[in-house]
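[1] Below is the sequence, then the predicted model.
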Amino acid sequence: DAESNQLYRSQGTSITVYTSSDNRTRRPRYIPTAATDSIPDTAVPTTCFGQPMSIRHEGITCVRPRRNSVVAQQWWNRRILNTDKNLKKFFEGASKGEAIIICDGSYKEDWGTAAAIAIPHLDSLDPVISVHITPGDPKTHNPYRAELAGILASVIMVEELSEQFGVTTGTITVACDCDSALNTYTDCKQYRPSSAKEHYDLKSQLHDLLKDSKFNWKSKQVAGHQDDHRPYNELSIWEQWNVDADYFAKMHWASHQGEVPFYNLPTMNEVSIWFKLERLTTWNDKEIYRRVFSNQASAYWIKKMKIEVPRTIAFKEMGRSFKGMQIYKRLWLSKALTERLPTSSNVNKWSAEEVPDMCLQCGEREDAVHATWCEAPCAKSYRAEKIKKLEEFLQRQHTAPSLRKRIINLLTGTTTTHTFSEDGVILKELVAQGLILRSWIEAQQQYYTWLK
């Protein structure tokens, strides 16, 4: 909650209030200070990390989760093909330590489904079959996610129905032909997954369920798609059950071909990040960079920075340089370019109290441009020192002498003009903001070629 600067974390039926213990850092720590029964209406979702007694959050979003999403309906279009008699037999098998769930996923055309067959023992003829659509944004779907969602759905089904049949303890073996999904399932029984990894939404819920479950959950690797190599009746009983699960998953996929609903995961103990009313399930670097360097983003910045001839600016090369900078420099540059630096004029707008918008060194109105080019003696001295270091850096990097001279002259104001005659772009402000011209890249490449 930004208004109170507190975090609210739901844990079962209770809600813990976390209060900031240090406001001087960019990512302060929050410690538990109280318990409450409700979350303020002004609170927004965020993702937290750290230990129970000291957490930090990744940031906040101004978008609230949609209350009437598909989650409110039966989750993931789940269908259980069974009778109560078969379910009762399954939980009786669990109490004896013989119950088995065979999971298999199906992924095709960018979305997935999964099926789970629950049986009281390996030779049983009374299966409980469940099928569902893989939840999450279709962009995050892949074969691994379909398999992992199948395992998660199986655990959810057991936990939901166990009390109904009076069995809350026992042993259940989960069998799957995807070793990576099975390894994740095994790890989630012992460790909390990292929020930096893909499919954190599935992993975190699986971890919470297994951690609190009274059942003893085991695992077994099964060879998959063996019917491609041998007749069905020659397969082992494990392989036959796996083939059956694969068949039901594919049938469920085929029944929804052409109209695939989007399913958000229901929120459990973890807070989450939402974007445009959809819960984020993964962090895709390629997708992020594609959006950052899209034509729409370029057009926005061209308009924002009043660049009249966009072809003169080497945006992609600047992007590569930006990614290589230290984090504090990237943050400062982003704030400077978007006019979010705490200059006197901005503090005057942001503060509830009357704050002067003048520069404390020269008395002029202070904005981002003035902060760069202030004419006060101490500011000029500081700027000259930094420009000298820049010149030394350019020399060490073998910058073309003519190019180095042009950049330094622009920053020191010793050039006769502030415009680049071939394009009519005002250079002094652009250079100060770290922009690079294409013509400069070409000139530097010619200089490197000459040096060879």
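    Yep, it's here. Numbers count the residues shown, from 1 in each chain.
[2] I'd like to know how far Ser154 sits from Phe215.
    11 Å (C-beta to C-beta, to the nearest Å). (C-beta placed from N, C-alpha, C; glycine too.)
[3] who has more neighbours, those two?
    Taking neighbours as other C-beta atoms under 10 Å, Ser154 and Phe215 compare with Ser154 leading, 25 against 21.
[4] Next, work out how far apart that one and Val128 are.
    Separation of Ser154 from Val128 (C-beta to C-beta): 10 Å.
[5] same question, Asp212
    Asp212 is 22 Å from Val128, where distance means C-beta to C-beta.
[6] of these two, who's got more company?
    Neighbours per residue (other C-beta under 10 Å) separate Asp212 from Val128, with Val128 holding more: 24 against 10.
[7] my read: that one touches Ile119, true?
    Yes - at 7.4 Å, Val128 and Ile119 qualify as touching, with contact defined as C-beta atoms under 8 Å.
[8] Mutual contacts of these two, please.
    Phe90 (C-beta atoms under 8 Å, 6 or more residues apart in numbering).
[9] residues contacting Tyr191?
    If you count contacts by C-beta under 8 Å, 6+ apart, then Tyr191 has His207 around it.
[10] Tell me, what's the model's pLDDT at it?
    pLDDT recorded at Tyr191 is 85.
[11] swap in the one 5 residues further on?
    pLDDT for Ala196: 70.
[12] Now it. Its backbone dihedrals?
    Backbone geometry at Ala196, expressed as degrees, to the nearest 10, gives phi -80, psi -10.
[13] What's the local residue count around it?
    Applying other C-beta under 10 Å, we find 9 other residues in the vicinity of Ala196.
[14] ok, now Thr312?
    A count of neighbours around Thr312, defined by other C-beta under 10 Å, yields 20.
[15] same question, Lys323
    For Lys323, the count of nearby residues is 9 (other C-beta under 10 Å).
[16] Check the spacing between it and Leu152 real quick.
    As judged by C-beta to C-beta, Lys323 and Leu152 stand 35 Å apart.
[17] Wait, a helix at Thr171?
    No - Thr171: not assigned to a helix; according to DSSP: H, G, I helix; E, B strand; the rest coil it is strand.
[18] roughly how far apart are the closest residue to it other than its chain neighbours and Phe215?
    Ranked by C-beta to C-beta, 6 or more residues apart in numbering and with sequence neighbours excluded, the top spatial neighbour of Thr171 is Gly97, at 3.8 Å. From Gly97 across to Phe215, the span is 10 Å (C-beta to C-beta).
[19] list residues touching both of those two?
    Between them, Gly97 and Phe215 share the contacting residues Gly170, Thr171, judged by C-beta under 8 Å, 6+ apart.
[20] Low-confidence ranges, the stretch 301-450 of the chain, go.
    When residues are selected by pLDDT under 70, those of the stretch 301-450 of the chain lie in 302, 305-311, 414-434.
[21] Which parts of it are helices?
    Using DSSP state H, counting those that start in this stretch, the helices found in the stretch 301-450 of the chain span residues 315-323, 327-337, 344-350, 368-373, 377-396, 401-412, 427-432, 438-451.
[22] Now do the last one: which elements does it pack against?
    What that stands for is helix 438-451. helix 401-412 (3 or more C-beta pairs under 8 Å, 6 or more residues apart in numbering; DSSP states H and E).
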